[in-house]
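1. Got a predicted structure here, sequence first:
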There are 2 protein chains.
Amino acid sequence: MKPYFYLSVFVVITFFTSCNKVENNIFVSNVNELTEALKSVKAGDDIVLKNGTYKDINIKFIGEGTEGNPITLSAETPGEVFIEGESSLEISGNYLKVDGLFFRNGHSPKTNVIAFRTSKKEVANHSTVSNCVILDFNNLQRDQDNLWVQFYGKHNELSNCYLAGKTNGGPTVRVDLKGNQSIRNYHKIINNHFGPRPRKGGARGETIQLGSSFTSMSPSNTTIANNLFEECNGEVEIISSKTNFNIIKNNVFYKSEGSVVTRHGNYVTVDGNYFIGDGVNDQFGGIRIINTGHWVINNLFYKIKGKNFRSPIAIMNGIPKSPLNRYNQVTDVVVAYNTFVDSDSPFQFGVGTNIAQAAVLPKSEIRSARPLRTEVVNNVIYNSVGDKNPIIEHDKADGVTFKSNVIDNNKVEFPQKDGLVAMKLSLTDIGSNLSFPLSGFSDVEPYIGFDFEKITEDLLGNSRSKNNQIGAILASENINLNILDKSKYGTDWYSNEVEKKDPVTHNVTNADELVSKLKAAESGDIINLNDGAYAISKSLIINKSITIQSNNKSEILYSGDENTPALQLQPYGKLVLKNIKLKGTNTQYAFASLKENMSNHFGLEVIDSEISNFNYALKVFKQSFSEEITFTNTAILNCENGLELSEETNDRGDYNTEFLTIDNCTFNNVKQNVIDYYRGGYDESTIGGNLLVTNSTFTNCGASEKNRILINHRGIVNVNINNNVFKNNKVKLVALLWGAKNNSHSNNTVTNSGIIKTEENLKQKLMY
Amino acid sequence: MKPYFYLSVFVVITFFTSCNKVENNIFVSNVNELTEALKSVKAGDDIVLKNGTYKDINIKFIGEGTEGNPITLSAETPGEVFIEGESSLEISGNYLKVDGLFFRNGHSPKTNVIAFRTSKKEVANHSTVSNCVILDFNNLQRDQDNLWVQFYGKHNELSNCYLAGKTNGGPTVRVDLKGNQSIRNYHKIINNHFGPRPRKGGARGETIQLGSSFTSMSPSNTTIANNLFEECNGEVEIISSKTNFNIIKNNVFYKSEGSVVTRHGNYVTVDGNYFIGDGVNDQFGGIRIINTGHWVINNLFYKIKGKNFRSPIAIMNGIPKSPLNRYNQVTDVVVAYNTFVDSDSPFQFGVGTNIAQAAVLPKSEIRSARPLRTEVVNNVIYNSVGDKNPIIEHDKADGVTFKSNVIDNNKVEFPQKDGLVAMKLSLTDIGSNLSFPLSGFSDVEPYIGFDFEKITEDLLGNSRSKNNQIGAILASENINLNILDKSKYGTDWYSNEVEKKDPVTHNVTNADELVSKLKAAESGDIINLNDGAYAISKSLIINKSITIQSNNKSEILYSGDENTPALQLQPYGKLVLKNIKLKGTNTQYAFASLKENMSNHFGLEVIDSEISNFNYALKVFKQSFSEEITFTNTAILNCENGLELSEETNDRGDYNTEFLTIDNCTFNNVKQNVIDYYRGGYDESTIGGNLLVTNSTFTNCGASEKNRILINHRGIVNVNINNNVFKNNKVKLVALLWGAKNNSHSNNTVTNSGIIKTEENLKQKLMY
């Protein structure tokens, strides 16, 4: 036994010698102690922030750790160290680690919350931010763009973090490549939970952006892997890859209104990701492909209903000799071994073609260059309800090799295309209530293109070297992937799952009570107005989710100062007003957002109510945003102005609400801006907003309207005006619809109110 | 000793086993035998072309060799196998070698002479063309573009070849990257001798092009190393790098009128090259930089007088958000450790800025984006005659870090700039009549930028780890580089050095003798006309270098058919006409090129002569090109048209002669097109043509000129009209000069002949 003993001793000694791990905990409990500790920090140090709240703290964590002895900045207890107020964290040096911090109740005074650099030349390398949370850490104004995590340097990592609630402009995370010290960075963004990012209402709401068009020629080699993206609805791009050689692998995109987009840059691998929708919401997208050399393989698509730009696989047309920041042609792309279940028209080619708009757009905007040398092969489609158009060619797919694809369309006929064979398949449960076809197509010989031998594994990591077959997952027994188990992603201490509580109803009988109980109520509660009239002279503040209702149309009579709102919609303020008469004295607003500092979204739903005698029924100020504004079965009477959401005139694609819905309402004697909802700027990839006007009556409205249009919705992408009655409105047009976009009208009765007009191409200011 | 013996045996056996070299020579002597042999070729085969001439042979060399057993197609004796007529070679498969072939006296019927593929999908890999010559293998028309060697696939090589004399459009060698099978190709272009490529007269005359703008996003990883480029004068770009990660190393650019240009694509290394001029010719250039991430290090510049686009280091301005095929901004570029001797204004920033032309050019052509994050450091300049402007900022160099550069300007003052220090240096002979400063600046601390530790060696391969210093070569003893020894490059059997022979003078006394002796003469000979008149009725054919002269202005009287030339300038025809009276009967041309099939250039010099009574004094047809056309001390009288070189109206930048020189001449009664010399198309990088009109007299000319301009030179870049007399010419303008280009006039006497006018910006058709 002796030789073994010697060997063991030798191994142990060697281990200790080579490791030589220093440990030096330095506890700090305020800014000064932290600053002092950081001054003399050295390899192996662990600066521990004692539990508590740190306000208005701008940390510069600079140090030289080593691979064996990194320098750590950590929370005494992860999740018990709160960074609040105007705070930020900047890191530079080597082998630094940040662990366990919770950024909340504040925002950064800088252009980022966490930056992997402390100055232009001083960047971080081999450094990690892990097990941290950034929650609602929003700038006060939506147009004040910033980033929450900005990468510089090389070999840095963001892992096991939870980031959610960004409402202002700018991607949540961006990898920056300006400067040779930040290229070929091999950064890792892994195991994070990207929680809900609400719709931003316009562009610049990506969850992750890899570089920018200005660095789109640079090699980035960033990996985004094993993350959960949950309801990342900021804009049309969840991940916007704008550099080269990135890897996007094994991520779950769950009910996220957007796509993974290879926006600029080339040779990106999108491998083994899950795109999970609900079969209803057509904003959930897949992968949109632009540029050269991407490999899109082994991905699963489940109930993705996105169309066109958001379709499961959207292969775009490019602009010939495209400007740097626009659309290069798709060439040398491989889309192989993907599986689609109940996802509409998964293959769309020539997406974004706009040859028809050549008359109104400059040549440098015309996407006429079709994909070249592209292979779409070895994919499997299963539709439990047949799809009439599994493939859509917006422009000819004559540069695409389309082979060895299989579909079970449940006997529904579809246009025949070589390379897509109908078969009968069955589904296998793979866990998390997801089912996919894993077998039944072993007779189909996979197409083997150039370099296909490098696709060595399926989605689950099983080897394709033997018994290879088409589709994302090779036939296998007892697959149970718990991909929607949130505990697999993000921190080990924070969960975004909230227990549902039943709302509490607070009955009020007079105005004072209304004010005080509204103030005291918890988010989600109900204020119930007993019968009667409630005279108030100061705005009611809505800064949480609240319902104000009555049984018999109680009246709220507002006599406040002119141009103040009866109900002031503040950040987080989501109001349901139900069965209420709201009356002013002609000079105020019924509802209004804040003029500034709308650091979070509001919401408004008005049901079975009557709004009368206001200057504005609704006034939404610039940089305010609501995901939904709904008026149902409500009358708006005798107001100077109606619903006003038209201050986003910077023409960069922004707007004030994602959905404005008017159903079964009455507008009478509203003199101007009856409905005024604006989005400006030519932007082919913005999908919103949405205006729905149905079953409503407009009478004697628009008398003072200068532009002589009753319903103004210039630039709004989706408009639907149906089953309304327009009578005796002194205007020239009821509405001017944008034919090239998704604007439509039907079954309206128009009497003495001008006409509804459609223009195919509305002139728009170019955003780019 | 026994163990060693066993070991040796073991090694030998292993060697033979692992090598297992098959040798199988298959001799062929004609197309049929070759075709037959190629049908069944296998690894290890060597198909040997027996010595002789193979005419109209289009070889498809397809085979599967192995690393140990390649398949070879070789000449029985290298240089004794001639490929002539309409011939080509295409290669596909793996591990193929071509050796010893001589392409001459013909052209390819295809788009390339040698291609590393046989069809779109069948490319060559790991294959080599070596020890071959391609000489004057030109298409018959200049506008019939093609390539001589076109790379596809991966890991292919062009080595030890001699290529010279391409006159038609298209780069001599191009690496093609369309398709994933041709990216990351690691091709090698090494040890070749690129012999003279004459001026093409317009664009598309590069010697090597790596990719195209359409593949400029692709990784190429091509190496161009240890080649000699001798008089590669095709156009402004000798090497046009249009893809990523290429390496251009240790090449010699000798008296080549052009530059190495990082035209598209990024991250190119230009390391340890020699740029050698003559101190006079300002067409010899250096390195022109566009785009991102290039490293230009360890290069030597000797007597390079190129200006602006051709300056030793020309860092261009980009176009903001440039179209794919135009100019991206320079960012993250390093120019370090280069040495310049007697080279004018080596550092030029913002080259190509054209903000001043914003009025006449579209926005997408305005180069206003200055270089960013660029380092120009550790360089050494030595001027034996001081340079007043070692640095030229065409636009501000505010994005450039300029440090640790040294200059010996021989006491001539220059504008001070931080980062450029004057010192007294001395030169050291390094062989081939080249001298550089190697020491005297050891006090100057090299600037160490990001990743500079990767510049491990100097130009000679000596380590920079110890005693590092600025400049291309570290101080060293007894350097004797024989870089201009041509035997180090190209084949082992071909030399382009020709023995000089003295010209033979053939005296002729009558017209028949003139015709027959002209035909029999060798290139370089002189035909001397005895006193008298020589009446001829058929064109005299000029298809070699020839001088026709007399002692006392002998007359050649031409009575040939109308619109035929007295002297017909054919390919290779370079005529000097001296002391001759050349007279027609008003309907013919004095000199004319061929209407088609001008597969090689002509030349014309007319001295002390008189040309009279022709329809055209000179008619140059489309696609004909002469490097120089000169009229000295010559009268052109009583002609309907003068010098006509204006058929290149495709507006792609082409023109008919590089230099048109008129000195001390008399034009009298030339009715139209007195001088008509045209170049069309907006092209910022075309430097020609050149018109010089000096000390001449124009009288009673232009009477029939429709555009009422006497000297038409629209689009010609360099024009100089000096010291002339214009008298009684019925025109509106003597000339219309292009102010923005290099057009000038001075000291002319203009009487009753209109005026000389300058327009700053002539409108030109966009070429791109």
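-> Received it, and whenever you're ready, just let me know what you need.
2. Residue ranges of each domain in chain A, please.
-> Split into domains by automatic domain parsing, chain A comes to A:25-488, A:524-759.
3. Select, out of the ones you listed, the one closest to B:Phe284.
-> domain A:25-488 (29.9 Å; CB to CB). Bear in mind the C-beta positions are built from the backbone N, C-alpha and C, glycine included.
4. distance between the ends of that closest one?
-> 29 Å (CA to CA, to the nearest Å).
5. returning to what we had before: and the domains of chain A: which comes nearest chain B?
-> Closest to chain B of those is domain A:25-488 (CB to the nearest CB; 4.6 Å).
6. now check the closest one, is it near chain B?
-> Yes: contact between domain A:25-488 and chain B, assessed by CB under 8 Å from any CB of the partner chain, occurs at A:178-181, A:183, A:213-215, A:217-219, A:244, A:265-267, A:291-293, A:321-326, A:328-329, A:331-332, A:334, A:364, A:373, A:450-451.
7. Put the buried members of the residues you listed into a PyMOL selection.
-> In PyMOL syntax, the buried subset of the residues of domain A:25-488 next to chain B is picked out as below (16 or more other CB atoms under 10 Å in any protein chain shown):
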select buried, chain A and resi 178+179+180+181+183+213+214+215+217+218+219+244+265+266+267+291+292+293+321+322+323+324+325+326+328+329+331+332+334+364+373+450
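8. from the chain's centre, how far out does the strand or helix carrying A:Gln672 sit?
-> A:Gln672 belongs to strand A:666-677 when assigned by DSSP states H and E. Distance of strand A:666-677 from the chain centroid (CA atoms, centre = their mean, to the nearest Å) equals 32 Å.
9. That one - contacts with which helices or strands?
-> Contacts defined by 3 or more CB pairs under 8 Å, 6 or more residues apart in numbering or on different chains; DSSP states H and E place strand A:666-677 against strand A:635-645, strand A:657-663, strand A:690-694, strand A:697-699, strand A:709-712.
10. Check which strands are paired with the shortest one and give the direction for each one.
-> Translated: strand A:697-699. Under the criterion DSSP bridges, strand A:697-699 sits next to strand A:666-677 (parallel), strand A:725-727 (parallel) in its sheet.
11. helix or strand right after the last one?
-> So that's strand A:725-727. The helix or strand immediately downstream of strand A:725-727 is strand A:733-738, counting by DSSP H and E.
12. Give the other helices and strands that that following strand contacts.
-> Where contact means 3+ CB pairs under 8 Å, 6+ apart, strand A:733-738 is packed against strand A:709-712, strand A:718-722, strand A:742-746, strand A:755-759.
13. Run a quick check on A:Gly471 versus A:Leu438, I expect a contact.
-> Yes: A:Gly471 lies in contact with A:Leu438 (CB atoms under 8 Å); the separation is 7.1 Å.
14. And these two? Which one has more around it.
-> Neighbours per residue (other CB atoms under 10 Å in any protein chain shown) separate A:Gly471 from A:Leu438, with A:Gly471 holding more: 31 against 23.
15. Most tightly packed of the strands paired with strand A:697-699?
-> strand A:666-677 (a mean of 23; mean count of other CB atoms under 10 Å in any protein chain shown).
16. now the domains of chain A as a markdown table including distance to B:Glu610?
-> Below are the domains of chain A laid out as a markdown table (distance: least, CB to CB, whole Å):
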| stretch | distance to B:Glu610 |
| --- | --- |
| domain A:25-488 | 53 |
| domain A:524-759 | 67 |
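17. mind putting the helices and strands packed on strand A:733-738 in TSV, mean pLDDT included?
-> Supplementary listing: the helices and strands packed on strand A:733-738 in TSV, determined by pLDDT from 0 to 100:
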stretch	mean pLDDT
strand A:709-712	97
strand A:718-722	97
strand A:742-746	95
strand A:755-759	94
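18. Highest average neighbour count across the ones you listed: which stretch is it?
-> strand A:709-712 (a mean of 26).
19. Which neighbouring elements make contact with it?
-> Contacts defined by 3+ CB pairs under 8 Å, 6+ apart place strand A:709-712 against strand A:666-677, strand A:733-738.
20. looking at the helices and strands packed on strand A:666-677, which is buried most?
-> The highest average neighbour count among the helices and strands packed on strand A:666-677, using mean count of other CB under 10 Å, belongs to strand A:709-712 at a mean of 26.
21. quick one: A:Ala369 from B:Tyr655, how far?
-> Distance, A:Ala369 to B:Tyr655, by CB to CB, to the nearest Å: 32 Å.
22. Neighbour count for those two, which is higher?
-> Neighbour totals were compared for A:Ala369 and B:Tyr655, and B:Tyr655 leads with 28 against 23 (other CB under 10 Å).
23. rewinding a little: what's the model's confidence in the strand holding A:Gln672, averaged?
-> In this model, strand A:666-677 has an average pLDDT of 98.
24. angle of it against strand A:718-722?
-> Orientation check (axes from the mean of the first three to the mean of the last three CA atoms, to 10 degrees): strand A:666-677 against strand A:718-722 gives 160 degrees.
25. Low-confidence stretches in chain A?
-> A:1-22, A:767-768 (pLDDT under 70).
26. What ranges does it have for its helices?
-> For chain A, the helices defined by DSSP state H cover A:2-19, A:31-39, A:511-520.
27. who does the shortest one touch, helix- and strand-wise?
-> The reference is to helix A:31-39. Helix A:31-39 packs on strand A:24-28, strand A:45-49, strand A:58-64, going by 3+ CB pairs under 8 Å, 6+ apart.
28. quick one, phi/psi of A:Glu647?
-> Here is the backbone geometry of A:Glu647 (degrees, to the nearest 10): phi -100, psi 0.
29. residues contacting it?
-> By CB atoms under 8 Å, 6 or more residues apart in numbering or on different chains, the residues touching A:Glu647 are A:Val620, A:Phe621, A:Lys622, A:Asn656, A:Tyr678.
30. what's the answer for A:Thr331, then?
-> Going by CB under 8 Å, 6+ apart, A:Thr331 touches A:Asn291, A:Thr292, A:Gly293, A:Pro371, A:Leu372, A:Arg373, A:Thr374, B:Lys178, B:Phe214.
31. and if you look at A:Val412?
-> A:Asn383, A:Val385, A:Gly386, A:Asp387, A:Lys388.
32. Likewise for A:Lys411?
-> Contacts of A:Lys411 (CB under 8 Å, 6+ apart): A:Gly386.
33. roughly how far apart are it and A:Asp387?
-> Computed as CB to CB, the A:Lys411 to A:Asp387 distance reads 12 Å.
34. Likewise for A:Ser119?
-> A:Ser119 is 54 Å from A:Asp387, by CB to CB.
35. Looking at these two, which has the bigger crowd around it?
-> Taking other CB under 10 Å, A:Ser119 and A:Asp387 do not tie; A:Asp387 has more neighbours (19 against 10).
36. what's across from the nearest residue to A:Leu540 once chain neighbours are set aside in the sheet?
-> Ranked by CB to CB, 6 or more residues apart in numbering or on different chains and with sequence neighbours excluded, the top spatial neighbour of A:Leu540 is A:Leu567, at 5.1 Å. Beta bridges link A:Leu567 to A:Leu540, A:Phe591, judged by DSSP bridges.
37. Likewise for the one 10 residues further on?
-> Following DSSP bridges, A:Leu577 is listed with bridge partners A:Ile548, A:Val606.
38. wait, it sits on A:Asp608?
-> No: here A:Leu577 does not reach A:Asp608: they are 9.1 Å apart, not a contact under CB under 8 Å.
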